[in-house]
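Colleague: I need the structure of the sequence given here:
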Amino acid sequence: MKYNPFNPNSIVPTNLFAGRKEYILRIIRKFEQVKRGMPSSFFLFGERGIGKTALAKLIKHISEVKDPLLGNLNFLSSYYTVEKGQSINDVLQASLNELTDEIPQTAIEVMGKKLGKLFEKGKFSIGAFSLSYGQNREEMKSTMIRDQLVSILSNIIDSVILSPVSTEEREKKDGILIIIDEINNISDLDKCAQLFRGIITTLDVKEMGYISFLLIGYDTTLKDFFKGDSSSRRHIDSNKLGVMPINEAEEVLIKGFKEAEITWNNEDLKKNIVATGGYPHSIQLMGHNLLEVDKDDNIDDKDWIEAMSRTAIELQKKDFADLYNFNGKQSGREKILDVLAVAGKALTKQEIINYCQIKNIYQYLPELKKRGSIKILPETDKIILHSQLFRTSILLKIIPKIFGENYLRDLFHKEFGKQGKED
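Modeller: Residues are numbered from 1 along each chain as shown. Predicted coordinates for the structure are as follows:
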């Protein structure tokens with residue numbers, strides 16, 4: 001059995017990661033600033049399945065690997081995924097404790113003497129304090145937590161960057177990178193922006209700005225995060241992760257094909273990769289299925305057709321489950337999506353109204369757009385489906401009823417009858 005490097009249910013390994021050059025170069029340039037004591041943090045956001053976690057994993061790798069072609073970075077870094085309902089205090093405490101795995105023992109011993117109860121038995125403990133009674137108890141608590149975090153980070157920066165306890169080169173770091181994924185799960189998200197701003201600015205004033213936070217969430221998370229403190233936008237750059245350009249999507253499959261030592265036709269690849277819509281998970285799943293159906297170590301048309309069908313069916317249960325009701329009763333939303341699937345092209349709002357026989361489609365469009373089921377093309381204001389694979393998934397579901405429903409039958413005959421005449 002041949003090796004299949006595509007793993008759609010796991011994070012892409014760094015040796016097979018492809019694309020996203022624009023984002024990587026932008027962040028490397030910011031890390032160059034952090035190396036000089038100028039703090040720079042990011043909020044990476046985008047829809048589910050767009051590849052945020054895979055990119056963050058690669059950024060962590062680049063920050064540590066000391067590659068001359070990628071900035072020669074040597075950061076102390078941690079990666080933490082937030083569980084539902086965790087507080088920001090618990091998340092930062094866990095992130096800081098992960099950093100201790102890479103801190104030399106001599107430095108840990110020095111920090112233990114300086115930090116007292118904040119650092120006992122080699123672990124940090126945030127919130128270990130008592131409060132006096134007063135009207136602003138909650139505000140005092142937030143301030144004290146911020147001061148504790150600044151104190152901890154100041155000691156780490158001093159121990160591994162400014163005045164390393166050991167003179168060994170491998171122990172001297174360029175900066176600190178703290179990655180927090182699924183930040184949308186934090187229970188007190190409204191307090192986060194102010195806390196991060198306080199930490200970043202205080203360290204900067206103390207000339208200890210060797211810090212970078214990389215926060216990961218969704219579009220809605222971004223709004224909720226900055227709603228708590230709009231001033232933090234000056235300290236945390238927002239970076240929206242979109243779908244991969246087609247040439248980068250091709251690069252992903254080519255890298256995997258080479259790893260598996262199989263051959264392929266470039267024209268077939270260019271023609272069929274478009275179906276994924278540039279979504280990283282769909283690309284990985286397509287690559288995985290191509291290698292699963294291939295029998296002769298050469299990807300041909302037959303392999304593409306079978307893999308496309310497999311991928312579309314699997315995505316019905318995963319990525320597309322929130323975009324379309326594949327199992328239950330169909331509503332007006334599904335009628336709109338059925339029309340777009342049968343048409344196979346972008347339609348105007350009036351065309352959709354004419355075909356699906358729903359007078360007020362406008363009540364459904366905002367939610368469909370929010371879910372990611374549809375996209376509105378800015379240049380024409382026409383509406384198109386999420387991707388070709390999404391279209392295939394819907395068609396596989398509705399084929400039995402296309403000729404039973406008047407609105408779908410008429411559309412099918414109009415579109416495909418027209419194609420037949422043109423051919």
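Colleague: Run through the neighbouring helices and strands of the helix or strand harbouring residue 282.
Modeller: For residue 282, the element it lies in under DSSP states H and E is helix 280-293. The contact analysis (3 or more CB pairs under 8 Å, 6 or more residues apart in numbering; DSSP states H and E) places helix 280-293 against helix 246-260, helix 301-317. For the C-beta atoms, the positions are set from N, CA and C on the backbone; glycine is no exception.
Colleague: Okay, buried residues for it please.
Modeller: 280-291, 293 (16 or more other CB atoms under 10 Å).
Colleague: after it, next one along is what?
Modeller: Following helix 280-293 toward the C-terminus (DSSP H and E): strand 298-299.
Colleague: okay, how far is it across stretch 164-177, tip to tip?
Modeller: 17 Å (CA to CA, to the nearest Å).
Colleague: mean confidence for it?
Modeller: Average pLDDT, stretch 164-177: 72.
Colleague: Quick check: which of the helices and strands packed on helix 280-293 is nearest to residue 394?
Modeller: Of all these, it is helix 301-317 that lies closest to residue 394, at 8.7 Å by CB to CB.
Colleague: Nearest the geometric middle of the protein, what residue?
Modeller: residue 52 (1.8 Å; CA atoms, centre = their mean).
Colleague: Test my guess that that residue contacts residue 45.
Modeller: Yes. Counting by CB atoms under 8 Å, residue 52 does reach residue 45; the two are 7.4 Å apart.
Colleague: who touches both of those two?
Modeller: Common contacts of residue 52 and residue 45 (CB atoms under 8 Å, 6 or more residues apart in numbering): 216, 241.
Colleague: okay, now residue 37: neighbour count?
Modeller: By other CB atoms under 10 Å, 17 other residues sit near residue 37.
Colleague: List the single closest residue to it in space, sequence neighbours excluded.
Modeller: Residue nearest to residue 37 in three dimensions, not counting chain neighbours: residue 209, with 4.7 Å by CB to CB, 6 or more residues apart in numbering.
Colleague: quick one: the one you found and residue 144, what's the gap?
Modeller: 22 Å (CB to CB, to the nearest Å).
Colleague: repeat for residue 43
Modeller: 25 Å.
Colleague: Same question for residue 223.
Modeller: 28 Å.
Colleague: Which one's more surrounded, the two?
Modeller: residue 144 (15 against 11).
Colleague: Tell me, what's the model's pLDDT at the more buried one?
Modeller: At residue 144, the pLDDT recorded in the model is 88.
Colleague: buried ones in the helix or strand harbouring it?
Modeller: According to DSSP H and E, residue 144 maps onto helix 137-157. Across helix 137-157, burial judged by 16+ other CB under 10 Å covers 142, 145-146, 148-157.
Colleague: What is the distance between that helix and the centre of its chain?
Modeller: A distance of 29 Å separates the centroid of the chain from that of helix 137-157, by CA atoms, centre = their mean, to the nearest Å.
Colleague: all strands of the stretch 101-250 of the chain, in order?
Modeller: Using DSSP state E, counting those that start in this stretch, the strands found in the stretch 101-250 of the chain span residues 119-120, 123-124, 176-181, 211-217, 236-240.
Colleague: related to what we said a few turns ago, residues in contact with the residue nearest to the centre of the chain?
Modeller: Counting by CB under 8 Å, 6+ apart, residue 52 has contacts 44-46, 181, 216, 241.
Colleague: Check residue 212 too.
Modeller: 30-31, 34, 39-42, 75, 175-178.
Colleague: Name the surrounding residues that touch stretch 305-324.
Modeller: Here stretch 305-324 has contacts from 48-49, 272, 275, 279, 281-282, 285-286, 289-290, 292-293, 326, 333-334, 337, 371-373, 386, 389-390, 392-394, 396-397, using CB under 8 Å, 6+ apart.
Colleague: Can you turn the buried part of these into a ChimeraX selection?
Modeller: Burial among these is assessed by 16+ other CB under 10 Å; the matching ChimeraX selection reads:
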select :49,272,275,279,281,282,285,286,289,290,293,326,333,334,337,372,373,386,389,390,392,393,394,397
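Colleague: Flag the shaky bits of the stretch 251-400 of the chain, pLDDT-wise.
Modeller: Within the stretch 251-400 of the chain, no stretch has pLDDT under 70.
Colleague: again but with the stretch 51-200 of the chain, I slipped
Modeller: Using pLDDT under 70, the flagged stretches of the stretch 51-200 of the chain are 128-140, 165-171.
Colleague: So which residues of it form helices?
Modeller: 52-65, 88-99, 105-115, 137-157, 189-205 (DSSP state H, counting those that start in this stretch).
Colleague: Pipe the ones you listed into CSV and attach distance to residue 234 per row.
Modeller: Converted to CSV, the helices of the stretch 51-200 of the chain look like this (distance: least, CB to CB, whole Å):
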stretch, distance to residue 234
helix 52-65, 22
helix 88-99, 20
helix 105-115, 30
helix 137-157, 17
helix 189-205, 8
